[in-house]
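Asker: heads up, no residue letters with this:
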């Protein structure tokens, strides 16, 4: 993929250097409810999320927060599948994610986030969207809880390959902004630990994380790469990603804008007049008859 919209990837929760939400008319999907998309925000988004030739000439996705401001700038790009979802049931035991990344010195890591419509997704009593609840941020209208690989070890100044499996303790659990049903768990967990966790996940009903995240009805609806808002300046790159959740596990390449896979050569189509074809068939038939008589 080499641009917004390619294979369903668009900007998600992205903010400028003052912390203002950016909702583009072309580059954002599932924008912040109530905010009017603008072309100006598309331009601002394209200044922070880019498809470039990165360090060492490696084509990559670039997240650039190298702007002055309050430090609340944020970059997120995602792909979404609400129905039927990217995964349901026991997707944890076979989970894998691998991606090469380059992090500039002093920068935050570009990390994976997995948005989930929990087993409590719905508008009925005791459900996460009960009543008139409205998501407060871009992208959060498609999930109510999100797994954030906040504990990825960071090495800066060189390309490194991140590999995450079911037993790697890198995940924290966050919730929709303003959704008071859930209790965020920001300690480091592996997916297998969360799938077995009996920790109470909600303020009512005694629901546990293992049921909320992976129980009947729960599904993965959003897969993201993002750089958070904890630093003012961050520049990071991602070369490609292979994950069990997307594309059948096949590699998804991030390419520089304007580049792409080499197309197969095209050969001209040969159109022959009908009279010529009929004539050639007649010659072939005559030769075969003559040959059979000689034999």
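Answerer: Done, it's in. Because the structure is a prediction, the values reported are computed rather than measured. Residues are numbered from 1 along each chain as shown.
Asker: Tell me how many other residues surround the residue lying closest to residue 107 once chain neighbours are set aside.
Answerer: Once flanking residues are discounted, residue 107 sits nearest to residue 234: 3.8 Å by Cβ to Cβ, 6 or more residues apart in numbering. Where you see a C-beta, it was placed from the backbone N, CA and C, and this is true even at glycine. Look at residue 234: counted by other Cβ atoms under 10 Å, it has 23 neighbours.
Asker: Which residues are in contact with residue 234?
Answerer: Residue 234 sits next to 63, 64, 65, 66, 104, 106, 107, 108, 227 when contact means Cβ atoms under 8 Å, 6 or more residues apart in numbering.
Asker: ok, now residue 123?
Answerer: Counted by Cβ under 8 Å, 6+ apart, residue 123 has contacts 129, 130, 131, 133.
Asker: Would you convert those into JSON lines that also reports neighbour count?
Answerer: What follows is the contacts of residue 123, written out as JSON lines (neighbours: other Cβ atoms under 10 Å):
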{"residue": "129", "neighbour count": "19"}
{"residue": "130", "neighbour count": "14"}
{"residue": "131", "neighbour count": "9"}
{"residue": "133", "neighbour count": "16"}
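Asker: what's the farthest-apart pair in these?
Answerer: By the measure Cβ to Cβ, 129 and 131 form the most distant pair in the contacts of residue 123, at 8.0 Å.
Asker: show me where pLDDT drops low in the protein?
Answerer: 68, 71, 260-295 (pLDDT under 70).
Asker: Residue 56 is in contact with residue 157, isn't it?
Answerer: No: checked against Cβ atoms under 8 Å, the pair residue 56 and residue 157 is beyond contact range at 11.8 Å.
Asker: Give the burial count for residue 179, as a bare number.
Answerer: Residue 179 has 17 nearby residues by other Cβ under 10 Å.
Asker: Over to it. Which of the three states is it?
Answerer: coil (DSSP: H, G, I helix; E, B strand; the rest coil).
Asker: mind giving me JSON lines with the contacts of residue 234 and columns for distance to residue 198, secondary structure and neighbour count?
Answerer: Listed next are those as JSON lines, based on distance: Cβ to Cβ, whole Å; DSSP: H, G, I helix; E, B strand; the rest coil; neighbours: other Cβ atoms under 10 Å:
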{"residue": "63", "distance to residue 198": "36", "secondary structure": "strand", "neighbour count": "25"}
{"residue": "64", "distance to residue 198": "42", "secondary structure": "strand", "neighbour count": "20"}
{"residue": "65", "distance to residue 198": "38", "secondary structure": "coil", "neighbour count": "26"}
{"residue": "66", "distance to residue 198": "43", "secondary structure": "coil", "neighbour count": "14"}
{"residue": "104", "distance to residue 198": "41", "secondary structure": "coil", "neighbour count": "16"}
{"residue": "106", "distance to residue 198": "40", "secondary structure": "coil", "neighbour count": "12"}
{"residue": "107", "distance to residue 198": "37", "secondary structure": "coil", "neighbour count": "21"}
{"residue": "108", "distance to residue 198": "32", "secondary structure": "coil", "neighbour count": "23"}
{"residue": "227", "distance to residue 198": "33", "secondary structure": "strand", "neighbour count": "25"}
